[in-house]
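> what follows is a predicted protein model with its sequence.
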Amino acid sequence: MFYHIALYISLAIFVFGMTYKISNWFRRSIGFNAANISATDRVVTVIKGTLKTLLSAKIAILIRVFVLDIILQIRVLKESFIRWLMHMLIYFGFMMLFFMHAMDKFITQPIFPDYYSTLNPFLFLRDMFGLMVIIGICIAIVRRIILRAPKLKTGSMDVYAIFILTIIIFSGIFLESVKITSRSIFQEMVDEYSDLDVEEAQALEAFWVKNYGLVSSDLKGPFDDETLKTGAESHETNCASCHSSPRYALTGYAVAKVIKPFAGAFDRADMPVILWYIHFLSCFIGLAYLPFSKMFHIFASPISLLSNAVMDNKKSNPANIATRQILELDACTHCGTCSRRCSVRVAYFKNGNITVLPSEKMAFLKNYVANKKLSDDSLKTIQEGVYMCTNCDRCTVACPVGINLRELWQNVKEEMLQKGHSTPLVLSPLSFYRSIDLSELDPADYIKPLNNIREKIANACGYIEKSEKIITLSPINKELKLNTGQSYQANNYSCCFSCENCSTVCPVVRNYENPEEVLGMLPHQIMRSLDLGLKDLALGSKMLWDCVTCYQCQEHCPQGVKVTEVFYELKNMALKEASNL
C-alpha cells in the first residue's frame with residue numbers, strides 16, 4: 001500500500017514538473033521581439049512546424065541526427081572520448097535499467113512472457129547495466145575531483161545528479177546481495193512457492209548454501225552427496241523455473257561474498273526490507289525531482305538537437321525560434337565544452353567574473369529569463385559576462401546538444417539594452433555586432449541604447465547640452481589630456497593631416513545622406529579637433545558613440561593613426577568621470 005502511494009505521488013509530481021517545464025518554453029521569452037508573441041501562437045506554430053517537417057524531406061535529417069547525435073553521441077565523442085564513454089555508460093546503463101527492470105510490468109513482461117528478474121539473461125543484464133552506471137559515475141567523479149577538467153564547474157545540480165544515481169544503483173546492488181545471503185527471504189519463498197516436508201526443505205536449503213550463496217544459521221557444510229542430490233531435485237522441481245544461479249549477477253554476487261560474514265546480522269536486522277525502502281524511495285524521489293533538476297536535459301537535449309538541425313534563423317518562424325531558445329536553457333548539460341572553446345575565457349582569470357564562461361552564463365540566464373529578483377551586483381555580473389562575448393561562434397559549433405549560443409547571447413544583449421541595463425561595455429565591440437544585425441532591428445530600437453548611455457554619462461558628470469548635434473562630454477573647465485595611460489596607441493592622433501580617408505570608409509557615415517547633420521562630427525573632424533585642443537568637440541560628437549568599432553578607419557589611415565583606439569580612449573575618459581555607472 002505504501003509503495004503504491006509513494007509511486008502515485010512521485011508520478012503526480014513528475015507529470016506536474018514536466019508540464020510546468022514544457023509550458024515555460026511557450027510562456028517565457030528572450031528578446032523584445034519574442035515577448036510580443038503570445039504563448040498560444042507559439043504552441044500552434046510549433047505544432048504546425050513539426051507536422052510540416054515530419055511530412056517533408058527534412059525527416060531524413062531528423063533520422064540522421066537521432067542516430068548519430070542522440071543515440072551514438074558523436075558530437076560528444078569528437079570533443080572527448082572519456083566524456084563520451086562516461087555519458088554512454090551512465091545514460092544507456094540507467095535507461096536500460098529503467099525500461100527493463102523498473103518498467104518490467106509494462107515493457108519486459110509483455111515482450112518476454114517467461115520473464116523473471118532472477119532468471120537469465122535478465123539477471124545478468126540487470127547487473128551488467130548497473131555496473132555500467134557505476135563505472136560511468138566513477139569516471140564522472142574522477143573528471144571533476146581528481147582530473148579537474150578545465151572550465152568544468154561543479155554546481156549543486158551536478159552533485160545531486162551524481163548523488164541520486166549513486167544511491168539508486170548502490171542500494172539496488174546491496175539489496176540484491178542481501179537477498180542472496182538472506183535465510184528469511186529463502187524461507188519465505190519455500191513457504192509460498194513449494195510444498196516440501198522438513199527433510200526436503202533442509203536438502204533444498206543445503207543445495208542453496210552450497211551453490212546459491214545462501215547463508216544459513218542452521219545448516220553448515222560440507223554436505224553429503226545424497227543431501228545435495230535431493231536438494232538439486234527439489235530445486236529443479238520448485239525453483240529452477242524462476243531462479244538462475246546468482247553467480248550471473250556480476251555485482252550482487254560479488255558483494256554477497258564480501259558481506260557473507262555479516263549476513264546473519266543483516267538478516268536479523270531486517271536489512272532486506274530496509275534496503276528495499278531505501279531503493280524504491282530513492283527511485284521515486286529521483287523521478288519526482290527529475291523535471292526540476294539538471295537531469296531534465298535528457299528530454300530537452302534531444303529536442304534541441306533535432307530542432308536546430310532543421311531550423312534556419314533566417315527562414316524559420318520567429319515564434320518557433322523564441323520557443324527553441326527557452327528550450328535550449330533546459331537542454332544545457334553544463335558540460336563546460338563551450339567554456340573550454342570560448343575566445344574570451346581568459347578574462348575570467350583576470351576579473352573573476354564566472355559568467356564570462358558560456359556554461360556559467362547559461363545557469364545565470366535561467367534566473368534572468370524567469371524574472372527572478374536579481375541584485376544590482378548580480379545584474380552587472382551577468383551584463384559583463386554577456387557583453388564580453390565576441391560572437392566568434394566557437395561555443396555554438398562545439399556545443400554537444402546543438403544550442404545556438406551566439407544567437408542566444410545576442411538576444412540577451414539586445415533585451416538588456418532595450419530595458420535600459422546599459423553598461424560601459426555597450427560602447428565597445430558590441431556596437432559592431434549590433435551594426436551587422438541592423439537590418440533586423442527597428443531603427444528606433446537600434447539608436448535608443450546609444451542615446452541612453454550618452455545621457456547617463458552626461459547627467460553623471462554634470463555635462464551641459466549645447467545642441468542636438470554635440471553634447472559636452474568633458475567636465476567644464478577641465479583640460480583635455482589624452483595621454484593618461486588608457487591606451488598608448490591612441491596618442492598618435494597628432495599625425496592626422498585630415499585627408500578624410502577615415503570618414504570615407506566609415507560604414508556609419510555612409511549610412512546617412514547628410515552624416516554631419518546626424519552625427520555632429522565625422523571621424524577626420526574629431527581627429528582634427530583633438531589636434532587643435534577643442535575638447536568639447538572631440539568628446540561631444542555623436543559619431544564617437546555611434547562608432548561600430550569595425551576598425552575600417554584605422555586600417556585605411558595612410559598615416560597609421562589608431563583612430564578606433566582614439567575613440568576608445570575618448571569614451572573611456574568620459575566613463576571614468578561617470579563614477580556611478
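Yep, that arrived.

> all helices for the stretch 201-350 of the chain, in order.
In the stretch 201-350 of the chain, the helices defined using DSSP state H, counting those that start in this stretch lie at 225-238, 250-259, 263-268, 271-289, 297-310, 318-331, 337-341, 346-351.

> mind exporting stretch 315-322 as PDB, just the C-alpha atoms?
Presented in PDB, the C-alpha positions along stretch 315-322 are these (Å, rounded to 0.1, in the frame of the first residue of the first chain):
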ATOM      1  CA  LYS A 315      13.600  31.400 -42.700                       C
ATOM      2  CA  SER A 316      12.100  29.800 -39.500                       C
ATOM      3  CA  ASN A 317       9.100  31.400 -37.900                       C
ATOM      4  CA  PRO A 318      10.100  33.800 -35.100                       C
ATOM      5  CA  ALA A 319       7.600  32.100 -32.800                       C
ATOM      6  CA  ASN A 320       9.500  28.800 -33.200                       C
ATOM      7  CA  ILE A 321      12.800  30.500 -32.700                       C
ATOM      8  CA  ALA A 322      11.500  32.100 -29.500                       C
END
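
> got a list of contacts for that stretch?
29-31, 33-34, 37, 41-42, 45-46, 49, 307, 311, 313 (CB atoms under 8 Å, 6 or more residues apart in numbering). C-betas here are computed from N, CA, C, even on glycine.

> element containing the closest residue to Arg75 other than its chain neighbours?
Closest residue to Arg75 apart from its sequence neighbours, by CB to CB, 6 or more residues apart in numbering: Pro400 at 4.2 Å. For Pro400, there is no enclosing helix or strand under DSSP states H and E.

> residues near Pro400, how many?
23 (other CB atoms under 10 Å).

> sorry, back to before: make TSV from the helices of the stretch 201-350 of the chain and add mean neighbour count and distance to Gln109 to it.
Listed next are the helices of the stretch 201-350 of the chain as TSV, based on neighbours: other CB atoms under 10 Å; distance: least, CB to CB, whole Å:
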stretch	mean neighbour count	distance to Gln109
helix 225-238	16	22
helix 250-259	18	21
helix 263-268	16	30
helix 271-289	18	18
helix 297-310	20	24
helix 318-331	23	33
helix 337-341	23	40
helix 346-351	12	53
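
> for Lys373, find the nearest of those helices.
Nearest to Lys373, of all the helices of the stretch 201-350 of the chain, is helix 318-331, at 18.3 Å by CB to CB.

> got the angle for the closest one vs helix 297-310?
140 degrees (axes from the mean of the first three to the mean of the last three CA atoms, to 10 degrees).

> so how far is helix 318-331 off the chain centroid?
13 Å (CA atoms, centre = their mean, to the nearest Å).

> show the average pLDDT along it.
Average pLDDT, helix 318-331: 90.

> and for stretch 45-57?
Average pLDDT, stretch 45-57: 92.

> in helices, which of the contacts of stretch 315-322 appear?
Asn33, Ala34, Asp41, Arg42, Thr45, Val46, Gly49, Ser307 (DSSP state H).

> from Leu327, how far off is the nearest residue to the third one once chain neighbours are set aside?
To tie it back to what came earlier, the one meant is Asp41. Excluding the flanking residues, the one nearest Asp41 by CB to CB, 6+ apart is Ala319, at 5.6 Å. Distance of Ala319 to Leu327, given as CB to CB, to the nearest Å: 13 Å.

> could you do Ala370 as well?
14 Å.

> next: Leu275.
Taken as CB to CB, the span from Leu275 to Leu327 is 39 Å.

> what's the per-residue pLDDT of the residue nearest to Arg75 here?
pLDDT, read off for Pro400, is 89.

> one more: Ala458?
For Ala458, pLDDT reads 58.

> also Gly155?
Gly155 is given a pLDDT of 62.

> again, but for Arg83
Arg83 carries a pLDDT value of 86.

> kindly write the PyMOL command that selects the buried subset of the ones in helices among the contacts of stretch 315-322.
Buried subset of those, written as a PyMOL selection, criterion 16 or more other CB atoms under 10 Å:
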select buried, resi 33+34+42+45+46+49+307
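
> next, format the ones in helices among the contacts of stretch 315-322 as JSON lines and append distance to Tyr8.
Putting the ones in helices among the contacts of stretch 315-322 into JSON lines (distance: CB to CB, whole Å) gives the following:
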{"residue": "Asn33", "distance to Tyr8": "43"}
{"residue": "Ala34", "distance to Tyr8": "37"}
{"residue": "Asp41", "distance to Tyr8": "35"}
{"residue": "Arg42", "distance to Tyr8": "32"}
{"residue": "Thr45", "distance to Tyr8": "35"}
{"residue": "Val46", "distance to Tyr8": "30"}
{"residue": "Gly49", "distance to Tyr8": "35"}
{"residue": "Ser307", "distance to Tyr8": "33"}
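
> would you map out the domains in the chain?
335-458, 469-577 (automatic domain parsing).

> quick one: which of the ones you listed has the weakest pLDDT on average?
Across these, domain 469-577 gives the lowest mean pLDDT, at a mean of 72.

> ok, and the closest non-adjacent residue to Arg247?
Looking at Arg247 with CB to CB, 6+ apart, the closest residue is Tyr253, at 5.5 Å.

> residue ranges in the stretch 1-150 of the chain under the pLDDT threshold?
Regions of the stretch 1-150 of the chain meeting the criterion pLDDT under 70 cover residues 1, 32-33, 35, 147-150.

> helices along that one, start to end?
Under DSSP H, counting those that start in this stretch, the stretch 1-150 of the chain gives helices at 2-27, 32-35, 39-54, 59-65, 74-79, 81-97, 108-111, 122-141.

> check the stretch 451-581 of the chain too.
Using DSSP H, counting those that start in this stretch, helices in the stretch 451-581 of the chain cover 501-505, 507-510, 515-519, 523-532, 535-540, 542-546, 552-556, 563-577.

> out of these, which gets nearest to Pro261?
That would be, of these and by CB to CB, helix 563-577, which comes in at 73.1 Å.

> rewinding a little: JSON lines for the helices of the stretch 201-350 of the chain, including distance to Ile74?
Converted to JSON lines, the helices of the stretch 201-350 of the chain look like this (distance: least, CB to CB, whole Å):
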{"stretch": "helix 225-238", "distance to Ile74": "48"}
{"stretch": "helix 250-259", "distance to Ile74": "29"}
{"stretch": "helix 263-268", "distance to Ile74": "45"}
{"stretch": "helix 271-289", "distance to Ile74": "28"}
{"stretch": "helix 297-310", "distance to Ile74": "11"}
{"stretch": "helix 318-331", "distance to Ile74": "17"}
{"stretch": "helix 337-341", "distance to Ile74": "14"}
{"stretch": "helix 346-351", "distance to Ile74": "29"}
